[in-house]
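Colleague: Sequence and computational prediction follow.
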Amino acid sequence: MTDEKPTDLGKVVIAGGGAHCVNLLEALCGRGTPVVVVDQDPDAALRRIVDQLPFCTLSADYGAASEAGIAIEVAPEEIYRKQEVLAQLASSVPSDAALISTASRVPFSQIAEGVDATR
């Protein structure tokens, strides 16, 4: 291990909420990275986790992604849900932001169909 400071990731947005984002939240917020969780229907467990973590906020509005350098989709493994979340993120983040999916069963190329890559 080194004593180097972690790289500044800027603001990170995690969209889709639910249990899938908990490990990401703990890792990112634990290193001091500001994270906004966008979930239009967050459950009580997610609300409690967000409330306990420093540097973490919860929003129902994808507009909260407008300054993100990294946007991570964590929707359940249903292609239509992943496509919906990714499309919302793509239209909300800056054009140079990295879009990331946590898909494990669906190829990213299928999820990204219909998403405006030029943003």
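Modeller: Cool, got the structure.
Colleague: Just give me how far the worst-scoring helix or strand of the chain on mean pLDDT sits from the chain centre.
Modeller: In the chain, no helix or strand scores lower on mean pLDDT, DSSP states H and E than helix 44-52, which sits at a mean of 82. Distance, stretch centre to chain centre, for helix 44-52: 16 Å (Cα atoms, centre = their mean, to the nearest Å).
Colleague: and it, which residues are buried?
Modeller: For helix 44-52, burial by neighbour count (16 or more other Cβ atoms under 10 Å) applies to 46, 49-50. (Each C-beta comes from the backbone N, C-alpha and C, glycine too.)
Colleague: Now for A65: which residues touch it?
Modeller: A65 makes contacts with 13, 15, 36, 38, 71, 89, 92-93, 97, as judged by Cβ atoms under 8 Å, 6 or more residues apart in numbering.
Colleague: Kindly report the same for V12.
Modeller: Per Cβ under 8 Å, 6+ apart, neighbours of V12: 28, 33-36, 68-72.
Colleague: ok, 10 Å please
Modeller: 24-25, 28-29, 33-37, 55-56, 65, 68-72, 97-98, 100 (Cβ atoms under 10 Å, 6 or more residues apart in numbering).
Colleague: so where does the most centrally placed residue in the chain fall, helix or strand?
Modeller: Nearest to the geometric centre of the chain sits I14, at 1.6 Å (Cα atoms, centre = their mean). Using DSSP states H and E, I14 maps to strand 12-15.
Colleague: what's the average pLDDT for that strand?
Modeller: Across strand 12-15, pLDDT averages out at 94.
Colleague: who's in contact with the very next helix or strand once past it?
Modeller: Sequence-wise, the next helix or strand downstream of strand 12-15 (DSSP H and E) is helix 22-30. The contact list for helix 22-30 (Cβ under 10 Å, 6+ apart) reads 9, 12, 14, 17, 21, 33-35, 37, 45-46, 49-50, 52-56, 70, 72, 74, 100, 102.
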